[in-house]
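# Requesting a structural model of the entry that follows:
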Amino acid sequence: MARIHPTACVEEGAILADDVVVGPFSYVGSEVELAAGVEVAAHVTLLGRTLIGPDCRIFPHACLGGEPQDREFSGEATSLEIGARTQIREHVTIHVGTVRGGGCTRVGDDNFVMNSAHIGHDCQVGNHTIIASFCGLGGHTEVGDHAVLGAYTGLHQYARVGESVMVAGGSKLSLDAPPFAMVAGDRARLVGVNSLGLKRRGFDAKTRRQIKRAFHLIFHSKLRLEEALARVEEEVGGVSEVERLVSFLRKTERGFCR
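Okay, here's the model as predicted:
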């Protein structure tokens, strides 16, 4: 049976696994579902149609599942989904989605969201990311697997951060950050390849060289973008990581950091 502190409020209709812990003065709304192993600390607020995956930890004063900060929102039945083993630290806010944005805000597995970060409506966050203190993710943004957002990073609505990107603290991204890149500044610019991140992720030396070759052709060869992408496909095509990089750049709508 779930361990619910006597001062906590769990509304009728909420679904809690047998080993869930809910701390003092926390609130769990009627449409919230908490999977096995979830730990909810004191003074946490869980609202809306919110699904928290297995073994997540939610720290004091986090507020999850609140209404979007969107003037067009009028109470539609939208949701928030958080994957397994994600840690959400103090004062984090994450809102449900909007109908216009697909209806669901998603945060994947094994993420670490540090204190006072905000993840806006309809954001799509992958797996194994770090979102550091005081980051702000505008609505409809995307953050790829293994990305790291340094403290005080600001991400503009609809901007995308590719997989294994390292964003320096205090950066402001109004454009997409290409996969495997390091970006920094206001407005953020390309610094180079996130070599350390690639090593930590387990990419072998050959794959790292192929990614660096692709970066050289795309960002430093002075070729037009389509010519550069064609050269990349010719020289290092068939490498899945490089193919994902090319696909990401071809899908950009806002442009990308250079």
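# Where do the helices of this protein begin and end?
For the chain, applying DSSP state H gives helices covering 195-201, 205-215, 225-236, 240-250.
# what's the nearest residue to Gln157 if we skip its chain neighbours?
Leaving out its chain neighbours, the residue that sits closest to Gln157 by CB to CB, 6 or more residues apart in numbering is Gly138, at 3.8 Å. Placement of C-beta: from N, CA and C, glycine included.
# how near is the one you found to Arg254?
Gly138 is 12 Å from Arg254, where distance means CB to CB, to the nearest Å.
# Which of the two has more residues huddled nearby?
Neighbours per residue (other CB atoms under 10 Å) separate Gly138 from Arg254, with Gly138 holding more: 20 against 13.
# what number of residues lie near Leu155?
Per other CB under 10 Å, the neighbour tally for Leu155 reads 29.
# Bridge partners for it, pull those for me.
The bridge-partner assignment for Leu155, based on DSSP bridges, gives Leu137, Leu173.
# pLDDT at it, what is it?
What the model reports as pLDDT for Leu155 is 98.
# for the residue nearest to Gln157, phi and psi?
Backbone torsions of Gly138, given as degrees, to the nearest 10, read phi -70, psi 170.
# so which of the helices of the chain comes closest to Gly144?
Gly144 lies closest to helix 240-250 among these, at 8.2 Å (CB to CB).
# Give the other helices and strands that that closest one contacts.
Counting contacts by 3 or more CB pairs under 8 Å, 6 or more residues apart in numbering; DSSP states H and E, helix 240-250 packs against helix 205-215, helix 225-236.
# Reformat those helices as JSON lines; add mean neighbour count, mean pLDDT and distance to Pro60.
JSON lines is the format used below for these (neighbours: other CB atoms under 10 Å; pLDDT from 0 to 100; distance: least, CB to CB, whole Å):
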{"stretch": "helix 205-215", "mean neighbour count": "17", "mean pLDDT": "97", "distance to Pro60": "40"}
{"stretch": "helix 225-236", "mean neighbour count": "16", "mean pLDDT": "95", "distance to Pro60": "47"}
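# Which of the ones you listed sits closest to Thr98?
Short answer: helix 225-236, nearest of the helices and strands packed on helix 240-250 by CB to CB, at 32.1 Å.
# Send over the closest one as CSV, restricted to the C-alpha atoms.
Provided in CSV are the C-alpha atoms of helix 225-236 (Å, rounded to 0.1, in the frame of the first residue of the first chain):
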residue,chain,number,x,y,z
LEU,A,225,24.6,23.9,-47.2
GLU,A,226,23.1,21.5,-49.8
GLU,A,227,26.5,21.1,-51.4
ALA,A,228,28.1,20.4,-48.0
LEU,A,229,25.4,17.9,-47.1
ALA,A,230,25.9,16.1,-50.4
ARG,A,231,29.6,15.9,-49.7
VAL,A,232,29.0,14.5,-46.3
GLU,A,233,26.7,11.9,-47.7
GLU,A,234,29.3,11.0,-50.3
GLU,A,235,32.3,10.9,-47.9
VAL,A,236,30.8,9.6,-44.6
